[in-house]
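Trainee: next comes the sequence, and after it the predicted model I'd like to discuss.
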Amino acid sequence: MMASMDVLTMVLAPLVVVRLTRFINSDVLFDGPRSKVVTWLTDRYGDDSKLAYLILCPWCASVYVGTVVGAAWWAWGDTRWMAAVMIALVGSYLAGFLATREGE
């Protein structure tokens, strides 16, 4: 049965996409895998590899991340664990975002 889209999901899901896209594009914890994939792609397709660009470009990667988040919501959106994961990711993003702006 398909989960219904509620206001909470409409607020949380885009922020989950933002957090996961940032993790893929620029988070230090993902440097190793990102570097290996980009190196492999540029070695195979050249320094101007469009496939590598699709990973490094937040506008591009967010489409794929959004597709995965949407599919996960479709499959498990009515479960408590999905809500917990979404809240954890949104909390992570908001905490990081606000922490970098303290003292401005």
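Mentor: Happy to help now that I have it. Predicted, not measured: the structure shown is a model, and the values here were computed from it.
Trainee: just give me the neighbour total for Tyr64.
Mentor: Neighbour count of Tyr64, defined by other C-beta atoms under 10 Å: 15. C-betas here are computed from N, CA, C, even on glycine.
Trainee: so what's Met2 scoring on pLDDT?
Mentor: On pLDDT, Met2 comes in at 47.
Trainee: for Met10, same thing?
Mentor: Value for Met10, per-residue pLDDT: 84.
Trainee: and the helix or strand of the chain with the lowest mean pLDDT, what does it pack onto?
Mentor: Across the helices and strands of the chain, mean confidence by mean pLDDT, DSSP states H and E is lowest for helix 50-56: a mean of 88. When contacts are defined as 3 or more C-beta pairs under 8 Å, 6 or more residues apart in numbering; DSSP states H and E, helix 50-56 packs onto helix 7-25, helix 31-45, helix 58-76.
Trainee: report the buried residues of that helix.
Mentor: Ala52, Ile55, Leu56 (16 or more other C-beta atoms under 10 Å).
Trainee: just put the residues you listed in CSV and tack on distance to Thr67.
Mentor: Listed next are those as CSV, based on distance: C-beta to C-beta, whole Å:
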residue, distance to Thr67
Ala52, 19
Ile55, 15
Leu56, 18
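Trainee: same for the helix or strand where Gly96 lies, what does it pack against?
Mentor: If you go by DSSP states H and E, Gly96 is part of helix 80-99. Applying 3+ C-beta pairs under 8 Å, 6+ apart, we find helix 80-99 packed against helix 7-25, helix 58-76.
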